[in-house]
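Requesting a structural model of the entry that follows:
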Amino acid sequence: MSHVATVTRGRLVDESMIVLRKRVHEMKVIERNYEPPAEWMEWEKQYYASYDEVICNLVGCLQMHLLSTRPSLALGMLVLFILSVPASTAIIFSHLASSLLSTVHLG
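Predicted structure coming up:
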């Protein structure tokens, strides 16, 4: 079997796993016959039906993208994301603290 056939077959299996995961989740929801809580807003109740599908599609796209990239690139993106969240949080708190201190000194 050629390398191209192996890669293509693996991709089909990956895509099928995403579809299988989505179908299993749909069957569990049907079995539970879950209704959204009454205190939810109307738009939440309407969106709830398609929410699972949107999340499964999003995770499926992310999974296919990460599987088709080099491992070092995927790990680099993960490290960049992990480092960017605390850095942006620190910058936001720094700006809040400086604005708070400037209002205290002016007042």
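
Now do the strand or helix carrying Glu31, average pLDDT.
For Glu31, the enclosing helix or strand under DSSP states H and E is helix 3-32. Averaged across helix 3-32, pLDDT comes to 66.

Please apply the same query to stretch 72-79.
Stretch 72-79 carries an average pLDDT of 88.

Can you show me the helices along this protein?
Applying DSSP state H to the chain gives helices spanning 3-32, 42-67, 71-106.

Save those helices as CSV, and put in mean neighbour count too.
C-beta: built from backbone N, CA, C; applies to glycine. Output for the helices of the chain, formatted as CSV (neighbours: other Cβ atoms under 10 Å):
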stretch, mean neighbour count
helix 3-32, 11
helix 42-67, 12
helix 71-106, 10
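
Can you give me the domain boundaries for this structure?
1-33, 37-106 (the TED database).

Distance from the longest one to the middle of the chain?
Relative to the mean C-alpha coordinate of its chain, domain 37-106 is positioned 8 Å out (Cα atoms, centre = their mean, to the nearest Å).

Assess the claim that Gln63 and Lys22 are in contact.
No - with contact defined as Cβ atoms under 8 Å, Gln63 does not reach Lys22; the gap is 11.9 Å.

Mutual contacts of those two, please.
Shared contacts of Gln63 and Lys22, defined by Cβ atoms under 8 Å, 6 or more residues apart in numbering, are absent.
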